[in-house]
Structure formats: structure tokens, C-alpha cells
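# Give me the fold of what follows.
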Amino acid sequence: MPASRFRFHPAAEFELDEAAQWYEDRREGLGLLFLTAVRDKIADLLLAPERWRLVNGSRWVLLGRFPYAIVYREVSDDELEIVAVAHYRRRPKYWARR
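Reported below is the predicted structural model:
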């Protein structure tokens, strides 16, 4: 069943901002492209949250162009929580305690 809303764990929101700023510092406009990729992927998650594999109570999906994954869990029938915006080559599963 599609979810109608989402929220960020505070640490995930910080990670999102930090990553977007890092990309923007590397090349003007790249941070915005990163944020757009995240927004588009969240839209996909809302349409079919169960599409991605469940591992230890959370699901994760890769962004594609960027080496990041969105880690999320269903907190109710109509709401998702973004647990992490994680670089998938650094500190695997550091977010598991959130």
C-alpha cells in the first residue's frame, strides 16, 4: 500500500544537508542535483514502500548516480521514516541503532 507521507530522522536530515553541501562545494549545482535525486527516490518509496528488501527492520534503496542509499522504515500504514542518507562505502550500518 502506498504511503502518503514521510519524515526524516534528525540525524538523516543532517546527513542529507551535509552531503548536499559537500557536492555543492565540489561543483556549483551538483548539490541541487543530489537533492533532486533524493527527492525523486523518496517519491518512488512513497508509491511502493515494500518494493525494496527488508533487512533488520529497515529497507534501503540506492540513489543511482550518487554513492548513497536512503535507509527507511515504515512507521505506520501511511508514513515512512527516513532513517539515514548513507554513503554506502563508509561505515556500513552505522545507522542501525536509530
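# How many neighbouring residues does residue 22 have?
13 (other Cβ atoms under 10 Å). No exception for glycine: its C-beta is placed from N, CA and C like everyone else's.
# check which helix or strand covers it.
helix 10-26 (DSSP states H and E).
# Counting by contacts, list what that helix packs against.
With contacts taken as 3 or more Cβ pairs under 8 Å, 6 or more residues apart in numbering; DSSP states H and E, helix 10-26 sits against helix 30-47, strand 79-87.
# Tell me which of those sits most buried.
Ranked by mean neighbour count under mean count of other Cβ atoms under 10 Å, the helices and strands packed on helix 10-26 are led by strand 79-87, which reaches a mean of 21.
# List the neighbouring strands of that one plus their orientation.
Strands that pair with strand 79-87, judged by DSSP bridges, come out as strand 5-8 (parallel), strand 68-76 (antiparallel).
# I'd like the mean pLDDT over that strand, please.
Here strand 79-87 scores 93 as its mean pLDDT.
# how much space between the spatially most central residue of the chain and residue 13?
Residue closest to the average C-alpha location in the chain (Cα atoms, centre = their mean): residue 70, at 2.4 Å. Note on residue 70: its distance to residue 13, by Cβ to Cβ, to the nearest Å, is 12 Å.
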